[in-house]
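Chemist: What would the 3D arrangement of this be:
(chains A and B)
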There are 2 protein chains.
Amino acid sequence: MKLSDLGERKLIERMGELLDIGDDAACIKIGDGFLVVSTDMIYRKTHILNEMSFAQAGHKIVSMCFSDIASMGAKPAGFLLSYGSADIDFADFDELIKGAKEQAERYGAGFIGGDTNETDELTLAGTALGFADKPVFRKGAKPGEVVGVTSDLGSAALGVKVLLEKMVPLSEIPADILQRTLDPEPRVREGILLGNYASAMMDISDSLAVSLHEIAERSRVRIEVRVENVPFSKSALELGDKFGIDILEQGLYGGGDYELLFTASEERWDELKDEFSRRDLVKVTKIGRVVEGSGASCVKDGKEFGIRREGYEHFR
Amino acid sequence: MKLSDLGERKLIERMGELLDIGDDAACIKIGDGFLVVSTDMIYRKTHILNEMSFAQAGHKIVSMCFSDIASMGAKPAGFLLSYGSADIDFADFDELIKGAKEQAERYGAGFIGGDTNETDELTLAGTALGFADKPVFRKGAKPGEVVGVTSDLGSAALGVKVLLEKMVPLSEIPADILQRTLDPEPRVREGILLGNYASAMMDISDSLAVSLHEIAERSRVRIEVRVENVPFSKSALELGDKFGIDILEQGLYGGGDYELLFTASEERWDELKDEFSRRDLVKVTKIGRVVEGSGASCVKDGKEFGIRREGYEHFR
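Modeler: This next block holds a predicted model:
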């Protein structure tokens, strides 16, 4: 049996069976709070678009790692990088390290350690550390709660698609879509605030669909999404229309968006929403609700459809 | 200018200039103590011998990371792995993860997180976390102190050499050399005890020569080694003799040994040595002394030679 017979999620699950892993980041109790730590690897051929500069690659690995920290409701404290590449120009190496450092510091964290290695393809393995008084896990969702997401969805997947399929030159891609694709930002301040409200949380970097199923499974609940409430940006809708790309498909099953998916009590929703706007954070949208049962479905035009557990996955 | 015009150590130094990195692991103050964290990457073509099983590769990445933690005088608490490979057999993946888990647990640490990725060659990036009340850095050596190392040196470099150059079949390599080469152990218990004695410490994974120069430079002192005191195992001496390999050359400039190099006060040496044997740790040997000045040299047959700052290095 090959790894591709299982796919990445089954592998992570298998790691989980062996290792008791199951959230975006691991937690270690320290004093009254928790150390939260996560590792992510990206690789030229699968995660680093040709259109990305070295600075953007450095930026991206930090964003990915900090998104895992944010999804636990934790504040980033440090970043470490294991760097591998062929014998590239020193200026490119320098640019990458500076891009990572700048992005770590943007979120108040130090770039505190690293290792370099000679590999055939650019390979970046980042580790982020953070702290939370009370981390939010995937398993806390309860029937009766609402389901929310930060900002809007599908832009990164759409951006990758139009770039990889060369549908449109880089210069003609709307700025907000390009930013999600090449310079993604983790929702750090949002995650910290959500730490006070969310009963369950994870990021949707693999896809919204995968994260809905994950939270549903770990919380032993069912999640119902109202499709008309899933937020898309104006430019994503327009770009999707122009090329006949189903934006809902991208929003549900596309990977690469570093938005946060969370559940919270209905009663506190308005307060949460007010806090988001008062602090000038990205918007937050109620997309569904938690009910008894299992799995995830969406309601569109009054009809219910099952949501497939699909998204970006290695070894597939 | 290419990375190979600089070499790995200059790159790490450059990371250091940008990032304030300079020890085997980064430290974050937490309460009364310190969190210590380090990351290392290994790659099939450069670090993972063909003779290594998947379990041994998993074992090795943990040992490398824990050696960094040990060299700070810290106790390992957790391990995370970013895993990359081609579409290999699931059984091999499983074996590797189990090898890493077993090794982490041997030293009382949990295997707490991971990521999987599809890459062309097996690539493992590990992160180790540990705790220390008072970490030991590279910069604390003072003139008048003695210089010590744990166990004996050169066996890993010798083992790699005879394997790569196919001088002798695997089955004929002495067990202790094979163990250093394929199943290296970090000096965790030794490092924790040395935390109470050492003024400066680091591991010698790149080479004894590099670590001597590192401690000398960061502590602004000179280190003089007495060659006749550098410890080698009986089988290393015999194997070196048999194939005309200069074992001193391997011990000074060869990489891959995870022994600890440290400085400590002369007055406490006997107590330190007693504690090592009382606790049944590996032996510890006084190989030289710290004097005023800079650099590192060795005295052999009454004559002084400069030690070159050379060892295992990527991009060279």
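
Chemist: Skipping its backbone neighbours, what lies nearest residue A:179 in space?
Modeler: residue A:185 (7.9 Å; CB to CB, 6 or more residues apart in numbering or on different chains). C-beta: built from backbone N, CA, C; applies to glycine.

Chemist: Report the contact partners of that neighbour.
Modeler: By CB atoms under 8 Å, 6 or more residues apart in numbering or on different chains, the contact set of residue A:185 is A:63, A:179, A:258.

Chemist: among those, who's most crowded?
Modeler: When neighbours are counted as other CB atoms under 10 Å in any protein chain shown, the busiest of these turns out to be residue A:63, with 27 neighbours.

Chemist: correct me, but that residue touches residue A:104?
Modeler: No. The criterion here is CB atoms under 8 Å, and residue A:63 misses it with residue A:104 at 9.9 Å.

Chemist: So residue A:149 lies in a strand, does it not?
Modeler: Yes. Counting by DSSP: H, G, I helix; E, B strand; the rest coil, residue A:149 is part of a strand.

Chemist: if we can go back for a sec, between the contacts of residue A:185, which sits nearest residue A:240?
Modeler: Taking CB to CB as the measure, residue A:240 sits nearest to residue A:179 out of these, at 17.0 Å.

Chemist: hang on, the closest one in a helix?
Modeler: Yes. Under three-state DSSP, residue A:179 sits within a helix.

Chemist: Just give the closest residue to the residue of chain A found nearest chain B, not the sequence neighbours.
Modeler: Among the residues of chain A, residue A:125 lies nearest to chain B; the distance is 3.1 Å by CB to the nearest CB. Among residues not flanking residue A:125 along the chain, residue B:125 sits closest, at 3.1 Å (CB to CB, 6+ apart).

Chemist: Could you tell me which residues within the host helix or strand of residue A:286 count as buried?
Modeler: Assigned by DSSP states H and E, residue A:286 falls within strand A:284-291. Of the residues in strand A:284-291, A:284-290 count as buried by neighbour count, 16 or more other CB atoms under 10 Å in any protein chain shown.

Chemist: now the residues you listed in a markdown table, with distance to chain B?
Modeler: As requested, these are exported to a markdown table (distance: CB to the nearest CB, whole Å):
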| residue | distance to chain B |
| --- | --- |
| A:284 | 27 |
| A:285 | 28 |
| A:286 | 31 |
| A:287 | 27 |
| A:288 | 28 |
| A:289 | 31 |
| A:290 | 26 |
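
Chemist: JSON lines please, covering those residues and showing distance to residue A:172 and pLDDT.
Modeler: Shown next, in JSON lines, are those (distance: CB to CB, whole Å; pLDDT from 0 to 100):
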{"residue": "A:284", "distance to residue A:172": "30", "pLDDT": "98"}
{"residue": "A:285", "distance to residue A:172": "28", "pLDDT": "98"}
{"residue": "A:286", "distance to residue A:172": "33", "pLDDT": "98"}
{"residue": "A:287", "distance to residue A:172": "30", "pLDDT": "97"}
{"residue": "A:288", "distance to residue A:172": "34", "pLDDT": "97"}
{"residue": "A:289", "distance to residue A:172": "39", "pLDDT": "97"}
{"residue": "A:290", "distance to residue A:172": "41", "pLDDT": "98"}
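
Chemist: Between the residues you listed, which sits nearest residue B:132?
Modeler: Once CB to CB is applied, the member of those that ends up nearest residue B:132 is residue A:284, at 40.9 Å.

Chemist: need the strands for chain A, in chain order.
Modeler: With DSSP state E as the criterion, chain A has strands at A:26-30, A:33-43, A:75-85, A:110-118, A:123-132, A:146-150, A:200-203, A:222-226, A:260-264, A:284-291, A:295-300, A:303-306.

Chemist: Adjacent strands (with direction) for the last one?
Modeler: Sheet pairing for strand A:303-306, assigned by DSSP bridges, gives strand A:295-300 (antiparallel).

Chemist: Look up phi and psi at the residue nearest to residue A:179.
Modeler: Residue A:185 adopts backbone torsions of phi -110, psi 140, taken as degrees, to the nearest 10.

Chemist: Residue A:205 versus that one, what's the distance?
Modeler: In this view, residue A:185 and residue A:205 are 13 Å apart by CB to CB, to the nearest Å.

Chemist: Mutual contacts of those two, please.
Modeler: Joint contacts of residue A:185 and residue A:205 (CB under 8 Å, 6+ apart) are residue A:258.

Chemist: and the closest residue to residue A:236 other than its chain neighbours, how many residues sit next to it?
Modeler: In space, and not counting its chain neighbours, residue A:236 is closest to residue A:155: 4.9 Å by CB to CB, 6+ apart. Neighbours of residue A:155 under the rule other CB under 10 Å: 30.

Chemist: Report the beta-bridge partners for residue A:261.
Modeler: residue A:149, residue A:202.

Chemist: That one reaches residue A:209, doesn't it?
Modeler: No. Judged on CB under 8 Å, residue A:261 makes no contact with residue A:209 at a distance of 10.4 Å.

Chemist: These two - which one has more neighbours?
Modeler: Neighbours per residue (other CB under 10 Å) separate residue A:261 from residue A:209, with residue A:261 holding more: 27 against 23.

Chemist: contacting residues for that one?
Modeler: Neighbours of residue A:261 in contact, by CB under 8 Å, 6+ apart: A:147-149, A:201-204, A:208, A:211-212, A:215.

Chemist: pLDDT score for it?
Modeler: Here, the pLDDT recorded for residue A:261 equals 98.

Chemist: mind listing the helices for the stretch 151-300 of chain A?
Modeler: Taking DSSP state H, counting those that start in this stretch, the helices of the stretch 151-300 of chain A run over residues A:155-164, A:175-182, A:188-194, A:208-219, A:234-242, A:247-253, A:269-278.

Chemist: Just to check, the residue nearest to residue A:236 is in contact with residue A:173?
Modeler: No. Counting by CB under 8 Å, residue A:155 does not reach residue A:173; the two are 10.0 Å apart.

Chemist: what do those two both touch?
Modeler: With CB under 8 Å, 6+ apart, residue A:155 and residue A:173 have common neighbours residue A:181.

Chemist: Can you list the low-confidence ranges for chain A?
Modeler: Flagging of chain A using pLDDT under 70 yields the residue ranges A:16-22, A:315-316.

Chemist: how about 90 then?
Modeler: A:1-25, A:28-32, A:44-51, A:114-115, A:117, A:164, A:166-172, A:299-302, A:310-316 (pLDDT under 90).

Chemist: Using the record's assignment, carve it into domains.
Modeler: By the assignment in automatic domain parsing, chain A contains the domains A:3-132, A:146-306.

Chemist: Can you get me the start-to-end distance on the last one?
Modeler: Domain A:146-306 has an end-to-end distance of 18 Å (CA to CA, to the nearest Å).

Chemist: Run a quick neighbour tally on residue A:234.
Modeler: Neighbours around residue A:234, by other CB under 10 Å: 10.

Chemist: Would you mind naming the residues that bridge with the residue of chain A closest to chain B?
Modeler: With DSSP bridges as the rule, residue A:125 is bridged to residue A:41, residue A:82.

Chemist: Understood, closing this out.
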